[in-house]
Structures are given as structure tokens and as C-alpha cells.
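> Fold the following and give me the result.
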Amino acid sequence: MTETRRIGMAVVWMLASVAACPAVLAQQPGQTTRFEITPFAGYQSSEEFSDEVSGTELKLESTGNAGIIFSMNLAQDTQLEFLYSTATSSLAPKSGGPALTDVKVEYLHVGAVYVYSGGRVRPFFGATGGASRFAPDAPGLDSDTNFSLGLVGGVKLFLTENIGLRVEARAFATQVDSDSAAFCNNGTCRIFYEGDFIWQYMANAGIVIAF
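Modelled structure (predicted):
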């Protein structure tokens, strides 16, 4: 499956989710706020690769990340959530040495989140799906986009009706091609994933703006 097709499928899925929302939202007239925007920052874990040319084991370093979450109420305790996260990391030998390239890591996800309502402290958990993109900065290496699934859990602490804090943990599982090749160019591949899935973990914190 081509990168363009993967991105297209993720976008179509998100648009279909949005199109289904207005009728559901109309059934919730008693809610004082329907939407939330949460800019956030956090930290995400490392991932392992291999260089087939030199036989070197590589590591995508853990690094800071930032992004934004848009949430809308679907029911009393359920929200539809859109997430975009971006980070720039270095792909370097595990044993040490200069980095081969910087790699931009992006997640674009949509999913459902259950929020325990009633009170200022609101724990939540949910599941998401979408696209993961790994884009190396080095010339001659293409970016790689794949479908991924995610799990999220955390808590929202509302200081007022419209302003709160959000702390969360996320896990992403990205399915890679069966040959596990990454960052190819014109059919020639040098960098390979370690395994059929990429697992990354995030810890994020942000400000919730509800309206």
C-alpha cells in the first residue's frame, strides 16, 4: 500500500467520523460545553532499527514531542477525539557514535474516549486509530507512513468550567510492511524496522480549553 493511499484512508475515516457527529451532538442540549482544545507537550520513547548495509543496530532516540487534541462530546461520558503529535529525533547507532539522520515522527489519530463525569477531576481512557509517519532528514531516504492503533489513559483536572489540566499516557502500535523495510528510495532499502510493529509510548501534559 502506497504512502498516499495510507494517508488518504486515514483522512476519509476522520471525515466520516466528523460527518456523523452533528446528529449525536444535537441530542445533548443539557451540556454546557461541547468541545475541548488541548495543546500539549510531552516525551516519547525510543525505537530500534537496523542498517542492512553495515549491519549496525540503530536506535531512534527518545525525545520531546508536542501537539494538539480536539475533542467533541458524543454522549454524557463519551468524546470523539482528534490528535496530532510531532517530534524530531535522531537515528544513531545503539553503541554510540554520530547520528545517521534526524527523523520527524508524526501521529494523526482519531478515536473514542470515555470520560468519568461529575466533578472537577475526570479520569478517562480510550482507543484511537490513524496514521504514523516517519520522515528522515537525510537526502536519498523516503518517508514511511503506516496505519497505527493507540491506547490512551489519564485524567483531566478542571480549575474552572472552561479551563483545566490534562495529564495522559499513550501507547502506539504501528504496523509496518511485511518486509519491515523503512526509508527506501527507488526500491532500494537500507534501513529496516526491528519486527512487524513499532511500539512507542508517550507521556503528555496540556491545558484544556472547553467551550
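
> what's across from residue 78 in the sheet?
Counting by DSSP bridges, residue 78 is bridged to residue 75, residue 114.

> can you pull the pLDDT of it?
We have a pLDDT of 96 for residue 78.

> Now do the contacts for residue 152.
Counting by Cβ atoms under 8 Å, 6 or more residues apart in numbering, residue 152 touches 111, 113, 124-128, 168-171. Quick note: C-beta positions are derived from backbone N, CA and C, even for glycine.

> Could you double-check that residue 131 sits in contact with residue 110?
No. Counting by Cβ atoms under 8 Å, residue 131 stays clear of residue 110, with 10.1 Å between them.

> Helix or strand: which one has residue 81?
strand 78-93 (DSSP states H and E).

> which residues touch the residue nearest to residue 137 when sequence neighbours are not counted?
Excluding the flanking residues, the one nearest residue 137 by Cβ to Cβ, 6 or more residues apart in numbering is residue 102, at 4.2 Å. Taking Cβ under 8 Å, 6+ apart, we find residue 102 in contact with 88-91, 136-138.

> Can you flag the buried ones in those residues?
Buried members of these, counted by 16 or more other Cβ atoms under 10 Å: 89-91, 136.

> and which of those residues is nearest to residue 46?
For these, the residue nearest residue 46 by Cβ to Cβ is residue 89; the value is 7.8 Å.

> Tell me the spacing between that closest one and residue 77.
36 Å (Cβ to Cβ, to the nearest Å).

> Please apply the same query to residue 126.
The gap separating residue 126 from residue 77 is 11 Å, by Cβ to Cβ.

> if I look at these two, which residues touch both of them?
The contact sets of residue 126 and residue 77 overlap at residue 114 (Cβ under 8 Å, 6+ apart).

> in stretch 43-52, what counts as buried?
For stretch 43-52, a neighbour-count test (16+ other Cβ under 10 Å) marks 44, 47, 49-50 as buried.

> what is the mean pLDDT for that stretch?
When pLDDT is averaged over stretch 43-52, the result is 91.

> ok, then the element right after the helix or strand of the chain with the lowest mean pLDDT?
When each helix and strand of the chain is scored by mean pLDDT, DSSP states H and E, helix 21-25 comes last, with a mean of 42. Next along the chain after helix 21-25, taking DSSP H and E as the criterion, comes strand 35-44.

> quick one: strands adjacent to the very next helix or strand once past that following strand?
Where DSSP H and E defines the elements, the next helix or strand beyond strand 35-44 is strand 47-51. Applying DSSP bridges, strand 47-51 is found paired with strand 57-60 (antiparallel), strand 191-193 (antiparallel).
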